[in-house]
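>>> sequence plus predicted model, see below.
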Amino acid sequence: MGRFLKWLAIAVTALILLLAVTAAALFILIDPNDYRDDIAVLVEERTGRDLHIEGDIRLSVFPWLGIELGRVTLSDAAGFYDAPFVEIGGVQAAVRLWPLLTGNIETRLVAVDEPVVRLMVDEEGRANWEELLERLAAEPRDEDEERPPKPAGELPEILQEAVVAGIRIRGGALHWRDNSTGTSLRVEPFNLDADSIRLGAPISVRADLRAAGEGLPDVTAEMDADVELDRQMERLRVHRLELSAEGHGEAIPGGRQAARLSGRGEIHLGDIVTVAWPHLEVHAAGVTLSAEADVVLGEEITAEAAWRLEPFNLKTTLGLLDFTVPVTDDPDALTHLRGEGRLHIDGERMEVSGLDVELDESRLTGNFLLEEPAGPSIAFDLELDKIDVDRYLPPEEPAAPPAEPGAEAGGLPDLEAIAIDFPLEPLRELKLQGALRIGEARAAGLRVRSFEAAMAGADGRLQADPVRADLYEGAMNASLALDARGDWPYFRVDYRLHDVRFAPLLEDLLEGDALLDGSGRFELRGEGGGANVHDLLHDFGGDAELRVSEGSIRGLNIPHLMGTAVARVRGERVPEEPAEGERTDFAGLSATIRFRDGVARNDDLSVESPLLRVTGEGEADILQELVDYRLRVSLVETLEGQDGKPVEELRGVTIPIDVTGDLLAPSFQLDLAAALGEERMRQLREGEEAIRERLEQERQSLEEERERLEEEARQRAEDEAQERLEERARDLVPRLR
């Protein structure tokens, strides 16, 4: 690559200077128009292509030796373009006479009008320039002639000291077509202005072009640069580079985009091209990227770069690029992104070190390695200080209006429609080794701290083991595995919670009241797979164990439920709901659950409290959204009745409570008559009669007391009236006398 670029630069420079020298010789010695055919034959022998020069070749001599050509064409190789491989609308060049006589070359402005180059790759991958370069590289010489070796790329001293007043190209074009892929590109027009050119001295270059192609956007670009090529033509210094481009079309996000690039650097030409670029800055779509890089272009590309992404609003940039801007629950999410790090590329190995990326209030640091010798191999060590995943989710839909009485309760979503869309094919080739640490995280309502996961995988099998986190006053330990070798993903899980508080965990997870309170552990082990959530639940087989102490079952108050049943049997007023709400307190709860074919089965529920003992068995069909479960309740202490006296008839009796119906809104039914039998029901009813008699006696007693108090009050009123009459009579007697 480097040798080709160097030889190309040498050829262009030599061609320009050769034109000037040839102009002087031709003008003095011959009329070049008489030798058109000879020139064409010579070119055909050297290149295998036909050369045509149209119009007169005009020469000048003093003070400049100059040449002016009209249209010149060089034919293409057979099987490629019907049009010329190269054509030039006109050339004007001249060299100052006196410096030339003293061994120096000084040219006037070299003007090239409407140069066109047509490049093509055919269906077999052959290029129309390959044979031409091979012919030009084969330098003819006398086999008997001994020549000293000449360093590659070294120019004669006269050319090293040559000065070209400038180069001007107007209306240039490049046509590219690759028939093996069906792609094409057309650069037209292309204009270039270069000021005074001298090896080892700065050169100001300005250029502009327009490019388009099949399926490609329409792009216009401008360049303004100060460059310097050393005398050996081995080092190109770019003192200043300003490049701007604007594209429009269907392939451009948003239909139109603009970008600016600025920088400076140095390029060393040779068999291996090296680039040292200490400053590069790119501006596009509201984003500013700055970098410094060292690149080696040999058989493999190696590069070392430091990059920095200035803070920008990600939502704004996505909008400018015509991407769908996600609507987030937090409107301030995705509004701040910045980053920096180092990039190292060595062939098929890419490493990102010193990674430091901020997204809103989250900061990610660490290292990342990607290799692709046969399949992608990823290694990473990343640390995230905190993340709130829920703020990036879409806002919640407005709550549905309350259902009419008798309407069916809302159930689970269509589980078959929730696809488990894993990229299985890439995962089968992936090799993975990494570690991830998160200080604080919130996702799906759950809050965790000190999350750690070690990940590994190969040959389509990936696992995270161990996975640890602190949550809800307890800890999580898990091992998760994914098998991507089949037609759909297959999962294995070993999940353990220890010493967690279940109420806040379930409240955050379900975004509502928790059905279970207390502290304890939960363990789940199982495996299964499927193309969607329905198939996964149907295929999943596993076992779970639950142990909770000093807690309560919320939404179900068994003593209150039984007290209500007793009150109805006795015909008493139903007791009011306890102040603490519907819940059943317990000292301990344990259960094991078996998952098969989308059904969760439990046969050993045990709940213990000072008042009662509860056992249970039954199942919940998750896919059908139905529950069929029976609780058996035994009173340890005597339940109090409406009058505050113990209901002895319930002591030692096991009372069934059926939990049936909708999985998410089940009904509870207690059959007290079936549990107690006729005798104890009679006793309950007799108790009811005794209560009624006692109440009647108390009522009669109260009535008698009321009558007594009324009589006493009447008697007192009569006595007080009699006393007042007697006093008035005593007062009147003296007056009558």
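Received it, and whenever you're ready, just let me know what you need. Bear in mind the structure is a predicted one, so any value in this text is a computation, not a measurement.

>>> quick one: the helices in the stretch 551-700 of the chain?
Using DSSP state H, counting those that start in this stretch, the helices of the stretch 551-700 of the chain run over 558-570, 672-736.

>>> where among those is average confidence lowest?
Lowest mean pLDDT within those: helix 672-736, at a mean of 65.

>>> the stretch 401-550 of the chain: strands as residue ranges?
431-443, 446-458, 461-471, 474-483, 490-501, 516-529, 541-554 (DSSP state E, counting those that start in this stretch).

>>> what strands line up against the first one, and which way round?
The sheet places strand 431-443 alongside strand 377-388 (parallel), strand 446-458 (antiparallel), with pairing taken from DSSP bridges.

>>> what's the answer for the shortest one, then?
Strand 474-483 pairs in its sheet with strand 461-471 (antiparallel), strand 490-501 (antiparallel), by DSSP bridges.

>>> kindly reformat those as CSV containing mean neighbour count, distance to residue 365 and mean pLDDT.
To be clear about C-beta, it is placed using only N, CA and C from the backbone, and glycine gets the same treatment. Listed next are the strands paired with strand 474-483 as CSV, based on neighbours: other C-beta atoms under 10 Å; distance: least, C-beta to C-beta, whole Å; pLDDT from 0 to 100:
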stretch, mean neighbour count, distance to residue 365, mean pLDDT
strand 461-471, 17, 19, 95
strand 490-501, 17, 28, 95
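
>>> quick one on the thing from earlier: let's have the strands of the stretch 401-550 of the chain in a markdown table, adding distance to residue 309.
Formatted as a markdown table, the strands of the stretch 401-550 of the chain follow (distance: least, C-beta to C-beta, whole Å):
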| stretch | distance to residue 309 |
| --- | --- |
| strand 431-443 | 22 |
| strand 446-458 | 26 |
| strand 461-471 | 29 |
| strand 474-483 | 32 |
| strand 490-501 | 36 |
| strand 516-529 | 39 |
| strand 541-554 | 45 |
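
>>> and of those, who's closest to residue 206?
Taking C-beta to C-beta, strand 431-443 is the member of the strands of the stretch 401-550 of the chain nearest to residue 206, at 48.9 Å.

>>> please identify the buried residues of the closest one?
The neighbour-count check on strand 431-443 (16 or more other C-beta atoms under 10 Å) flags 431-432, 434, 436-438, 440-441 as buried.

>>> and the furthest pair within these?
Across the buried residues of strand 431-443, the longest distance by C-beta to C-beta is 30.6 Å; it joins 431 and 440.

>>> so who does the residue lying closest to residue 594 once chain neighbours are set aside touch?
Leaving aside its sequence neighbours, residue 594 sits nearest to residue 601 (C-beta to C-beta, 6 or more residues apart in numbering; 4.7 Å). Contact analysis of residue 601 by C-beta atoms under 8 Å, 6 or more residues apart in numbering lists 593-595, 618-619.

>>> residue 243 contacts residue 260, doesn't it?
Yes: using C-beta atoms under 8 Å, residue 243 is in contact with residue 260, at 7.2 Å.

>>> so what sits against both of the two?
Common neighbours of residue 243 and residue 260 (C-beta under 8 Å, 6+ apart) do not exist.

>>> before we move on, back to that, what score does the residue nearest to residue 594 have for pLDDT?
Per-residue pLDDT puts residue 601 at 97.

>>> likewise the one 5 residues further on?
In the predicted model, residue 606 carries a pLDDT score of 94.

>>> now do residue 503
At residue 503, pLDDT is 89.

>>> name the nearest residue to it, sequence neighbours excluded.
Excluding the flanking residues, the one nearest residue 503 by C-beta to C-beta, 6+ apart is residue 517, at 4.0 Å.

>>> and the one you found, bridged to which residues?
Beta-bridge partners for residue 517, by DSSP bridges, are residue 552.

>>> that one against residue 502, yeah?
Yes: at 6.2 Å, residue 517 counts as touching residue 502 under the criterion of C-beta under 8 Å.

>>> which neighbours do these two have in common?
Counting by C-beta under 8 Å, 6+ apart, the common neighbours of residue 517 and residue 502 are residue 551.

>>> neighbour count winner among these two?
residue 502 (23 against 20; other C-beta atoms under 10 Å).
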